[in-house]
Each structure stands twice: as structure tokens, then as C-alpha cells.
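*Asks:* My questions concern the predicted model and sequence given below.
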Amino acid sequence: MKKETKFHGVIPPIITPVDQYENVDEEGYRALLEYCIKGGLHGILVAGTNGETMALTQKERDNAIRITIDQVKGRIPVMAGCMDTSTRRVIENIKRAQDLGVTTAAVTSVFYDRHTSQDETVRHFERILEQTDIPELIIYNIPPFTGLKLTADTIIKIGNLDERVVGVKDSSGDYTSFIQVMQAFEGKDFATLSGATAQALTEVLLGASGFIPALAPCFPEMFVTAFNTARSGDIEKTLKYNNLVRESSKILAMSKNGTAAAKYAISLRGMTDKRVIWPQDYTLPVDEEKIAAKVKEVDAMFEELKSSLA
């Protein structure tokens with residue numbers, strides 16, 4: 001079995017529960033974080049895409065990060081999304097996050113501006129490394145939201161800039177590119193984290209450090225068991241868990257808005273509200289009926305699978 005990096009296993013891109021004023025619901029959020037930790041999840045990504053980080057005000061983004069650091073208290077690793085629309089803004093975000101106790105920042109390429117080359121993102125990371133003393137950086141490749149798909153060569157180049165670049169979260173869904181990155185950093189203390197849940201377990205079988213599924217807070221035990229099975233190298237059992245994970249992923253397509261679907265599914269565990277930040281589409285009653293039925297179905301399928309493999 002591969003030696004684990006600091007960031008490994010199942011790391012949810014945690015939702016940000018909000019109240020009617022779109023401020024962080026601190027009580028609900030703390031309860032959810034505790035549920036994730038007790039459920040065996042291996043880390044937390046706060047202020048990511050699923051956390052609606054760019055929809056939050058800066059004050060509430062900082063508040064979500066503050067609460068996370070305070071509640072987790074070092075029991076599992078935390079990375080904080082510090083992505084933004086320019087290098088200077090990212091640097092400021094990182095420094096502010098450090099003031100809140102963050103030691104690991106997840107950073108994308110810049111967005112909204114036109115992209116002219118892969119090299120701009122390499123320069124982006126070079127300056128961040130020069131102008132901050134953040135101990136750890138995670139490369140965050142999420143082309144649907146940045147408009148730029150980082151190539152394997154670019155990720156490898158950034159990963160070799162400095163030992164403070166400790167991993168990649170790749171949500172591109174490009175299987176071949178992800179495997180190239182895994183091979184480039186084989187044997188090194190560099191986390192390869194898949195953001196493409198549907199293919200993540202096969203990537204873990206091949207040596208990926210872990211994955212970052214949106215629905216892990218809804219099904220923590222299931223996702224952890226699936227990861228451990230893949231990490232053990234048991235192909236037959238992993239394929240069975242892969243079918244279950246793919247079944248759970250159907251929830252995200254049961255509403256116009258995948259974040260709204262995730263928030264509603266997680267709210268069924270009784271700690272948080274389904275509310276999303278304006279003006280996003282929210283779950284309709286017909287969506288919620290389908291999502292609730294699927295959550296029950298996945299729970300039952302997991303119990304049945306566990307029993308059959310016992």
C-alpha cells in the first residue's frame with residue numbers, strides 16, 4: 001500500500017450553511033463539521049466551489065474559514081480555498097486566511113479575465129510563492145469555473161516550483177492527464193486528489209492519494225469505506241463500491257443546481273438548512289422528493305453491500 005501523504009482519503013468540499021441573511025449558520029456548520037470528523041472523513045476543503053465561496057461576502061468567507069479552523073482544532077487537515085480573479089487578490093486572500101490559522105491554501109488559475117497561455121498560471125504560482133509564506137499550497141484545477149484547463153505539464157511544472165506545493169486537486173475529469181501527474185510525483189510527498197468522483201476509485205486503485213466528493217458529508221461512512229477498499233487494492237470489491245458511489249452521484253443531477261441538490265441531501269441529516277445563496281436555482285419540491293428517495297436508497301444499498309462483504 002502506498003505511503004499516505006498528509007492530504008489523503010476522502011476530503012469533502014464542505015458546503016457553507018447559511019441563514020436567511022446569507023451569513024454563515026455557525027451552529028449548523030459546527031455540527032456538520034463534527035459529523036464529518038466523527039464519520040471518519042480525512043480532511044476538509046473549506047471555501048471551495050461547493051462551499052459557494054465566490055457568492056459569500058468576504059466577511060462571511062473569512063467567517064467560514066475561522067469556524068472551520070476553530071471547530072476542527074487540528075484533528076484532521078484543513079485546506080482553504082483562496083482562489084480569486086488576480087494574483088494580488090489571491091495573495092491577499094492567503095494572508096487573511098493565515099491570520100485565521102490556515103496553513104494550506106488551495107489556489108486555482110485566475111478567472112473572469114481572458115486566458116492567453118498555460119504559462120500565466122505558472123507565473124501566478126511563482127509570485128504567490130514569492131510574496132507569501134504560506135506553508136502549503138494545493139493546485140486546484142477546475143476548468144468549468146476558471147475557463148482554463150491546466151495540462152499535466154503545467155501541473156507538474158508548478159508542483160516542482162517549491163516544496164511548499166504539496167498536491168493537486170484535479171476536477172478536470174481528464175483521466176489521462178491525472179495519471180500522468182500521478183506518475184510524475186510517484187514516490188514523492190505530493191498529494192494527488194481527484195475531484196471527479198465518478199472515476200476516483202479507479203484512480204485510487206492506481207495510486208491516487210484520495211478524492212474530494214461533494215456528497216461525502218451526506219454519506220461519510222460509505223465514502224470512507226469505499227476509499228479504504230480501493231486503497232487495499234481489492235479490485236472486485238472496489239468495483240462494487242464504485243457502482244454505489246456512482247449511484248449516489250445521481251443526486252447532484254436531480255436539481256438544476258448541483259450545489260442546491262447537495263445542500264438538500266446533506267440537510268436531510270438534520271444539521272443544516274438547504275438554503276443556497278441568491279440568485280442560484282434552489283431545489284423544488286419535486287426535486288426534493290427524488291433526492292430524499294435516492295438518499296434512502298443509497299443508505300440501504302450501502303448496508304446491503306456491507307453485509308454481503310462481511
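*Replies:* Great, that's in hand.

*Asks:* contacts, neighbours, all on C-alpha from now
*Replies:* Will do.

*Asks:* As a check, name the ranges of all helices in the stretch 151-300 of the chain.
*Replies:* Listed in chain order, the helices found in the stretch 151-300 of the chain under DSSP state H, counting those that start in this stretch are 152-159, 175-184, 197-205, 220-232, 235-249, 258-267, 285-309.

*Asks:* Check which helices and strands the last one sits against.
*Replies:* Contact here means 3 or more C-alpha pairs under 8 Å, 6 or more residues apart in numbering; DSSP states H and E; on that basis helix 285-309 packs against helix 235-249, helix 258-267.

*Asks:* low-scoring stretches of the protein, by residue?
*Replies:* Judged by pLDDT under 70, the chain has its weakly predicted residues at 1-3.

*Asks:* before we move on, the earlier item: of all the helices of the stretch 151-300 of the chain, which one is nearest Leu32?
*Replies:* Distance to Leu32, taken as C-alpha to C-alpha, is lowest for helix 258-267 among those, at 8.9 Å.

*Asks:* sorry, back to before: so which of the helices and strands packed on helix 285-309 is the most packed in?
*Replies:* Here the criterion is mean neighbour count by mean count of other C-alpha atoms under 10 Å, and of the helices and strands packed on helix 285-309 the winner is helix 258-267, at a mean of 25.

*Asks:* Give me the neighbour count for Lys256.
*Replies:* Other residues lying near Lys256 total 15 when counted by other C-alpha atoms under 10 Å.

*Asks:* nope, Ala253 is what I meant
*Replies:* Here the count is done by other C-alpha under 10 Å, and Ala253 has 15 residues near it.

*Asks:* residues contacting it?
*Replies:* Ala261 (C-alpha atoms under 8 Å, 6 or more residues apart in numbering).

*Asks:* Kindly report the same for Arg66.
*Replies:* Leu100, Gly101.

*Asks:* try 6 Å this time
*Replies:* For Arg66, the residues meeting the contact criterion (C-alpha atoms under 6 Å, 6 or more residues apart in numbering) are Leu100.

*Asks:* try Asp25
*Replies:* Neighbouring residues of Asp25 by C-alpha under 6 Å, 6+ apart: Pro17, Val18, Asp19.

*Asks:* ranking these by neighbours, who comes first?
*Replies:* When neighbours are counted as other C-alpha under 10 Å, the busiest of these turns out to be Pro17, with 27 neighbours.
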